[in-house]
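# sequence first, then the predicted structure:
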Amino acid sequence: MIPSPRNLSIPLALAMLLGSLFPVLAGDTPVPPVTAQTLREIRIPEIKLFRVSLEDAFIKLQTLARKHDPEGRQITIRYERAESPASSKPLMMDLRDVSLKDALDSISRMKDLHYTVEDGVVVVRH
């Protein structure tokens, strides 16, 4: 049941009105979806990986992407692991001022992987 304006205090009525007119003020700002373009837009100042597994590399990359995304999207990178000689060797990488796309491309080339954006999630496969 929606309360009638007569039963609300003035500050509460004003807050409800402003929230419906200006969702940004109400904290309901829609976050843009994650797309292939998003991967180009997110710039990461530094990525240092020294002898880490692919799983750990993607966790680190996801954390950095979330931290440096100007839109505040909760980037998700899902690695669908497959046993292969390339996937079992530790990863070493030192990149500076790269886009998320460039970082994913570098790892993909080194480990013979490919990735897509599916329903807002970066999915990495062998």
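Now that the structure is in, tell me what you want to look at. Numbers count the residues shown, from 1 in each chain.
# residue 33 belongs to a helix, doesn't it?
No - secondary structure of residue 33 (DSSP: H, G, I helix; E, B strand; the rest coil): coil, not part of a helix.
# gap between it and residue 124?
Distance, residue 33 to residue 124, by CB to CB, to the nearest Å: 19 Å. The way it works is simple: take the backbone N, C-alpha and C, and place the C-beta from them, glycine included.
# just residue 82 next, same as before
Taken as CB to CB, the span from residue 82 to residue 124 is 10 Å.
# those two: who's more crowded?
A count of neighbours by other CB atoms under 10 Å puts residue 124 above the other of residue 82 and residue 124, at 21 against 10.
# please, which helix or strand holds the more buried one?
In the assignment (DSSP states H and E), residue 124 maps to strand 121-125.
# what does residue 63 give?
Going by DSSP H and E, residue 63 is part of helix 54-68.
# so what's the spatially most central residue of the chain up against?
Note on the chain: the residue nearest the mean C-alpha position is residue 75, at 1.3 Å, using CA atoms, centre = their mean. Neighbouring residues of residue 75 by CB atoms under 8 Å, 6 or more residues apart in numbering: 34, 38, 42, 62, 65-66, 69, 100, 122.
# rerun that using 10 Å as the cut-off
34, 38-39, 42, 61-69, 100, 120-122 (CB atoms under 10 Å, 6 or more residues apart in numbering).
# what do residue 82 and residue 124 both touch?
residue 113.
# so where's the chain shaky on pLDDT?
Applying pLDDT under 70 to the chain flags residues 1-29, 85-87.
# try 80
For the chain, residues meeting the criterion pLDDT under 80 lie at 1-31, 83-88.
# ranges for the strands of it?
43-52, 77-79, 91-99, 114-118, 121-125 (DSSP state E).
# most packed of the ones you listed?
The highest mean neighbour count among the strands of the chain, using mean count of other CB atoms under 10 Å, belongs to strand 77-79: a mean of 19.
# helices or strands next to that one in the packing?
Secondary-structure packing of strand 77-79 (3 or more CB pairs under 10 Å, 6 or more residues apart in numbering; DSSP states H and E): helix 54-68, helix 100-111, strand 114-118, strand 121-125.
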